[in-house]
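Visitor: Got a predicted model here, sequence first, then my questions.
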Amino acid sequence: MGLTLRRHVGDRTIVITCSDREDGDMAPLGRAVDLRRRELLPQVERWSWLHQVHGNTVHQVDQSGSGLSLVEGQDGDGLVARTDTAYAALAVQTADCVPIALYGARTMAVAHAGWKGLVAGIVEASVESMRAAGEVGPIRAVLGPCIAVGAYEFGSPELDVMAERFGGAVIGRSAWDTPALDMAEATRAALSAAGARVDHVVGRCTGSDLRYFSFRTRQETERMTTTIHWVPRHQATAT
């Protein structure tokens, strides 16, 4: 049943979850959220989620008075919230793209990063949105399960575009010795350029690891979800 990471930041604990095949299909997240939230995130009342479009739009989730201003199915590929926004849980869905969870002392975010989104600047937009929401300290990132270079055959001219944007290290070879794209390396490069530091890489390949769904290698339409939320530190269980 998926992975959970916890990071202590001041008096709060940031909780990051990455679901897997055993947690079920998260593609219809708007309908599934009410059924699954208690099982996966028992501390959270409601999630914010997106209709992902491989772009660079980031939405902010905040509180207005005593209510939580949710994002539910709007077009976009990133979500950001302050860590004083009660009951905020942010979610992105992936099968082979890179799910990114970002956190700092004052803000948290998630982003969906396919190669088109990386080129469009979703990483930079997410970090900029965290800064705009009040983040002044270091920003750290966790990269969830995504397709690895050995399973991601990738051709020109798109591979040349990625190498020009993120450096030659993003070019690799597939398991069958053809040109391939290293999505995790491209994401690390984008984060570094944006001023964020990679805290943890899950390092599991959705293309070859049967614990995960993959559209690229198995034409599966189901999706995993990566979420981030916070709890008071005294309520968190150490990982």
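Guide: Nice, I can see it.

Visitor: Low-confidence regions, the protein specifically.
Guide: Within the chain, the ranges that satisfy pLDDT under 70 run 1, 30-45, 64-67, 235-239.

Visitor: wait, Ala120 sits on Val53?
Guide: No. Using Cβ atoms under 8 Å, Ala120 is not in contact with Val53, being 9.6 Å away. All C-beta atoms are positioned from the backbone trio N, CA, C, and that covers glycine.

Visitor: Tell me which of the two has more neighbours.
Guide: The neighbour comparison of Ala120 against Val53 (other Cβ atoms under 10 Å) goes to Ala120, with 18 against 15.

Visitor: Helix, strand or coil: sort out Val231 for me.
Guide: The three-state label given to Val231 by DSSP: H, G, I helix; E, B strand; the rest coil is strand.

Visitor: Just confirm it contacts Thr13, I think it does.
Guide: Yes. Using Cβ under 8 Å, Val231 and Thr13 qualify as a contacting pair, with a distance of 5.4 Å.

Visitor: So which of the two has more stuff around it?
Guide: It is Thr13, of Val231 and Thr13, that has more neighbours when counted by other Cβ under 10 Å, with 21 against 16.

Visitor: which residues in the chain form helices?
Guide: 29-40, 115-120, 122-132, 158-166, 183-194, 215-218 (DSSP state H).

Visitor: Residues contacting the third one, please?
Guide: Contacts of helix 122-132 from elsewhere in the structure, counted by Cβ atoms under 8 Å, 6 or more residues apart in numbering, are 55-58, 60, 77-78, 80, 100, 102, 104, 107, 109, 111-113, 139, 187, 190-191, 193-196.

Visitor: just the buried members of those residues?
Guide: Neighbour counting with 16 or more other Cβ atoms under 10 Å marks 55-58, 60, 77-78, 80, 100, 102, 104, 107, 109, 111-113, 139, 187, 190-191, 194, 196 as buried within the contacts of helix 122-132.
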